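Trainee: For reference, the sequence and a predicted model appear below.
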Amino acid sequence: NLVPVWMFQTGVADGITSMPLVVDGVIFLTTAWDNVFAIDASSGAELWHYRRRLPATSELSYCCGPNNRGDSIWNDLVYLATLDAHLVALDARTGRVRWDVELGKSSDNLNAKQPPLVVGNRLFIGIAGGDSASRGFIDAYDAASGTRLWRFYTVPGNPKDGFEHPE
């Protein structure tokens, strides 16, 4: 006997490939092209909408569409990894940017689509771009400030030298 009680239209082309997060009656949803919506779970009303200002499509390097695979939440921050290789922290109540750090250059064929992993007060995220010439890495960030704590390259700079120690 289920019936719809509300419907929400994002207005964003290219669909949704993420799983929404629900925290304290608010649905946090990411869509293609790095949009994040906060939606009242009981009414379906949009509380806020963050739209990433991306470089021209010709300046981006990504595989398999402009999809975003989800966001993460810690305390009062919502985290988004972006097609232009940034990690962004949004205020969960307002959607305003608290901090924005560059993971790498999109001109170096780097991007990020996956939600960062939150462990304690740290964020862990890997870079995407292996479908083109780029070097993989995993970063750790302070969840409150966005300060990078370390970087581990998953591919050696010079394979003959082996892997470097984390920065």
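Mentor: Nice, I can see it. Numbering: from 1, shown residues only.

Trainee: gap between residue 88 and residue 4?
Mentor: 32 Å (Cβ to Cβ, to the nearest Å). Any C-beta I mention is one placed from the backbone N, CA and C, and that applies to glycine too.

Trainee: Just want to know which of these two has more residues nearby.
Mentor: It is residue 88, of residue 88 and residue 4, that has more neighbours when counted by other Cβ atoms under 10 Å, with 21 against 6.

Trainee: can you pull the contacts of that one?
Mentor: Residue 88 makes contacts with 52, 79, 80, 81, 82, 97, 99, 100, as judged by Cβ atoms under 8 Å, 6 or more residues apart in numbering.

Trainee: Would you mark the buried spots in the worst-scoring helix or strand of the chain on mean pLDDT?
Mentor: Across the helices and strands of the chain, mean confidence by mean pLDDT, DSSP states H and E is lowest for strand 148-153: a mean of 94. By 16 or more other Cβ atoms under 10 Å, the buried positions in strand 148-153 come out as 148, 152, 153.

Trainee: Kindly report the same for stretch 33-45.
Mentor: Neighbour-count burial for stretch 33-45 flags 33, 34, 35, 36, 37, 38, 39 (criterion: 16+ other Cβ under 10 Å).
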